[in-house]
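**Student:** missing the sequence, but the structure's below:
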């Protein structure tokens with residue numbers, strides 16, 4: 001009888017441990033976490049046709065260009081039901097529901113990386129958290145690339161010293177960018 005009770009107790013403890021560990025492992029992913037291959041529930045192999053299922057509680061807005069022969073990328077916007085814009089998605093191929101997403105412009109500040117970088121971060125936050133891969137000097141902006149997380153951060157040249165704003169041929173070294181420079185766009189590219 002004692003042996004039977006011990007077996008039942010051991011069996012119950014074993015089943016409880018299995019259930020507890022399976023519940024802990026099945027926790028939902030953070031819908032606002034940005035990593036190299038994921039943004040919330042999106043990943044680098046998510047197809048356009050899957051967006052409605054992924055964003056069931058949100059609004060997915062697709063714009064279709066008037067002429068399919070233009071070949072331009074159609075932006076897909078994601079809004080919360082309350083109207084707050086979350087993301088702009090660009091598929092690799094236009095008018096193809098099987099196309100994967102190639103780039104994502106993060107609008108909502110709740111999206112952040114493991115190192116707490118979001119659209120509200122400054123250049124200093126980025127440079128202290130990640131290795132800067134390159135800096136591109138454009139007409140009105142600079143684009144700071146971070147290969148570690150497949151991301152780029154656009155900074156308005158108004159955030160730079162006057163001597164760096166007007167020379168597009170100038171090579172900008174990452175140490176020349178002021179730490180307080182604000183991010184205008186946070187993009188992830190797959």
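**Tutor:** Thanks, I have the structure now. Note that the coordinates shown come from a computational prediction; the quantities given were computed from them, not determined experimentally.

**Student:** can you pull out the strands in this protein?
**Tutor:** 33-34, 38-39, 42-43, 58-62, 76-80, 85-91, 101-106, 112-113, 134-137, 141-146, 151-156, 185-189 (DSSP state E).

**Student:** for the third one, packing partners?
**Tutor:** Contacts of strand 42-43 with other secondary structure elements, assessed using 3 or more CB pairs under 8 Å, 6 or more residues apart in numbering; DSSP states H and E, are absent: no helix or strand is involved. C-beta: built from backbone N, CA, C; applies to glycine.

**Student:** For it, give me every contacting residue.
**Tutor:** Outside strand 42-43, the residues that touch it by CB atoms under 8 Å, 6 or more residues apart in numbering are 37, 54, 89, 101, 104.

**Student:** How far off centre is that strand?
**Tutor:** 9 Å (CA atoms, centre = their mean, to the nearest Å).

**Student:** so where's this structure shaky on pLDDT?
**Tutor:** In the predicted model, the chain carries pLDDT under 70 at residues 1-27, 64-73.

**Student:** Go again with 80.
**Tutor:** 1-28, 63-74 (pLDDT under 80).

**Student:** where do the helices sit along it?
**Tutor:** For the chain, applying DSSP state H gives helices covering 2-25, 51-54, 123-129, 162-165.

**Student:** ok, back up a step: of all the strands of the chain, which one is nearest residue 179?
**Tutor:** Nearest to residue 179 among the strands of the chain is strand 151-156 (11.4 Å), distances taken as CB to CB.

**Student:** can you give me the angle the closest one makes with strand 141-146?
**Tutor:** For strand 151-156 against strand 141-146, the angle by axes from the mean of the first three to the mean of the last three CA atoms, to 10 degrees is 160 degrees.

**Student:** In strand 151-156, which residues are buried?
**Tutor:** 151, 152, 153, 154, 155 (16 or more other CB atoms under 10 Å).

**Student:** That one pairs with which strands?
**Tutor:** Using DSSP bridges, strand 151-156 pairs in its sheet with strand 141-146 (antiparallel), strand 185-189 (antiparallel).
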